[in-house]
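In: Can you look at this prediction? I've put the sequence above it.
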Number of protein chains: 2
Amino acid sequence: MVYRGMTTDLNPNTMAAWVSLIRASERAVSQVEAVLKYQNLPPLSWYDALIEVEKSGATGVRPYELRERLLMPQYGTSRLLARIEKAGYIQRVPCSMDGRGHVVKITNEGKAVRKRMWPIYSNCIKNMVETNLTHLQADALRSLVDCVAVDKIR
Amino acid sequence: MVYRGMTTDLNPNTMAAWVSLIRASERAVSQVEAVLKYQNLPPLSWYDALIEVEKSGATGVRPYELRERLLMPQYGTSRLLARIEKAGYIQRVPCSMDGRGHVVKITNEGKAVRKRMWPIYSNCIKNMVETNLTHLQADALRSLVDCVAVDKIR
DNA sequence: TTTATATAGATGCATATGCATGTATGTTTT
DNA sequence: AAAACATACATGCATATGCATCTATATAAA
């Protein structure tokens, strides 16, 4: 009887799905990053931050809220915002409600660059997803990947 | 008539699939990395390299072949191998067939650590994929993500 | 065969990330 | 109100990554 590790083996379909999932997202992200860079535009992470900040409007958004929405570590958010601010696309102003914190707001330059990024970005998504999957398939894909790595609370 | 950018808008299903795909793979990878780190094991990229080197057996494998299989930049491969070698898990020996290159072989320590990583890694996959998707669904997921970001040659 | 060009791999430098910890302010407990 | 604790955010240090370039060898052209 051959020793097969502390767990029973993975089903081949499971393993294949795993490999394909990781590969696909790596391909996809690096593709978008390459195109953005080629167009002299900031990386994808800036887009995600800018769109959140822009959506927060004149009110602005707190870095910790951004951290929650973007699912990145606290120091990651801090430094990402520092870089984006340095580029002039956002402003960080002290928060009047909470002396510990800041409020982040988008600048006109920030709005402009986000607006320039969108057609490039969306075009990538179109090429990578929309041309390869029907809308029905896209929906099926979404509902399947939404089941991956979810924390089951019970 | 409102200007809507240089392209027509993305279908909502496409966009939703995109977002879910990226999020799922980020969750999944960071989950595996966290568990490996918690178990004082090397990162996922080491596993991928080690398994390829191990599969190459006594013959060994050339770094450029690894680069192709792992889909990483040349300098990335070079430095990843340098780190793994420093840890004693692989050996790089000059290639007798090609004076420019090297051949990479796994050491016994390398085999051992890869073997220790596998149950941890596969258990993550099991928790993240197998418990949430039937084998049929896993296969559907694989076939859908395999369509994403593929270069259509015509 | 000498010269040009391509390929394998390494590396200096700038930037990004992870980890731990620091500073400041807010909230809760006693 | 003082002390203890929690939260918001920044940062020093080590490591990792991207980019461009370098060295060495191989292959092709002249």
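Out: On my side now, so go ahead. Since the structure is predicted, the reported quantities are computational estimates derived from the model, not experimental observations. Residues are numbered from 1 along each chain as shown, chains lettered A, B, ... in the order given.
In: residues in contact with the most centrally placed residue in chain A?
Out: Residue closest to the mean C-alpha point of chain A, counted by Cα atoms, centre = their mean, is residue A:48 at 5.5 Å. Contacts for residue A:48 were tallied using Cβ atoms under 8 Å, 6 or more residues apart in numbering or on different chains; they are residue A:70. In this view, the C-beta of every residue, glycine as well, is placed from N, C-alpha and C.
In: can the host helix or strand of it be found next to DNA strand D?
Out: Using DSSP states H and E, residue A:48 sits in helix A:44-55. No: contact of helix A:44-55 with DNA strand D (Cβ under 7 Å from any atom of the strand) is absent, the minimum separation being 12.1 Å.
In: Next, the angle from the next helix or strand after that helix to helix A:44-55.
Out: Sequence order places helix A:63-70 as the next helix or strand after helix A:44-55, per DSSP H and E. With axes from the mean of the first three to the mean of the last three Cα atoms, to 10 degrees applied, the angle from helix A:63-70 to helix A:44-55 works out at 120 degrees.
In: could you point out the longest helix in chain A?
Out: helix A:12-38 (DSSP state H).
In: So residue A:53 is in contact with residue A:110, correct?
Out: Yes: using Cβ atoms under 8 Å, residue A:53 is in contact with residue A:110, at 7.1 Å.
In: Have a look at these two and say which one is more surrounded.
Out: Neighbour totals were compared for residue A:53 and residue A:110, and residue A:53 leads with 25 against 22 (other Cβ atoms under 10 Å in any protein chain shown).
In: Roughly how far does the closest residue to that one other than its chain neighbours sit from residue B:73?
Out: Once flanking residues are discounted, residue A:53 sits nearest to residue A:106: 4.6 Å by Cβ to Cβ, 6 or more residues apart in numbering or on different chains. Separation of residue A:106 from residue B:73 (Cβ to Cβ, to the nearest Å) stands at 33 Å.
In: quick one: which of the two has more around it?
Out: Taking other Cβ under 10 Å, residue A:106 and residue B:73 do not tie; residue A:106 has more neighbours (26 against 11).
In: For the more buried one, list the residues it contacts.
Out: Neighbour list for residue A:106: A:50, A:53, A:54, A:56, A:89, A:90, A:91, A:114 [criterion: Cβ under 8 Å, 6+ apart].
In: you'd agree residue A:99 is in a helix?
Out: No: checked against DSSP: H, G, I helix; E, B strand; the rest coil, residue A:99 lies outside a helix; its state is coil.
In: any idea of the pLDDT on it?
Out: Predicted confidence (pLDDT) at residue A:99: the value is 94.
In: burial measure for it, as a count.
Out: 7.
In: which residues are there in chain A that come within reach of DNA strand D?
Out: A:37, A:62-64, A:67, A:74-75, A:78-79, A:81-82, A:92, A:95, A:98, A:100-102.
In: what do you get if the cut-off is 10 Å, keeping everything else the same?
Out: Within chain A, the positions adjacent to DNA strand D are A:26, A:29-30, A:33-34, A:37-38, A:43, A:60-68, A:73-82, A:85, A:92, A:94-95, A:98-104 by Cβ under 10 Å from any atom of the strand.
In: tell me the contacts of residue A:139?
Out: By Cβ under 8 Å, 6+ apart, the residues touching residue A:139 are B:13, B:16, B:17.
In: The residue nearest to residue A:128 when sequence neighbours are not counted: neighbour count?
Out: Excluding its sequence neighbours, the residue lying closest to residue A:128 (Cβ to Cβ, 6+ apart) is residue B:149, at 4.1 Å. Residues lying near residue B:149 (other Cβ under 10 Å) number 23.
In: Is it correct that residue B:149 falls within a strand?
Out: No: counting by three-state DSSP, residue B:149 is not part of a strand but coil.
In: Phi and psi next, for it.
Out: phi 60, psi 30 (degrees, to the nearest 10).
In: For residue A:110, which non-adjacent residue is closest in space?
Out: Nearest-residue entry for residue A:110: residue A:89, 3.4 Å, with adjacent residues in sequence omitted and distances by Cβ to Cβ, 6+ apart.
In: Assess the claim that that neighbour and residue A:113 are in contact.
Out: Yes: with contacts counted by Cβ under 8 Å, residue A:89 reaches residue A:113, the gap being 5.9 Å.
In: neighbour-wise, which of these two wins?
Out: residue A:89 (24 against 21).
In: contacting residues around that one?
Out: Residues in contact with residue A:89, defined by Cβ under 8 Å, 6+ apart, are A:42, A:46, A:50, A:106, A:107, A:109, A:110, A:113, A:114.
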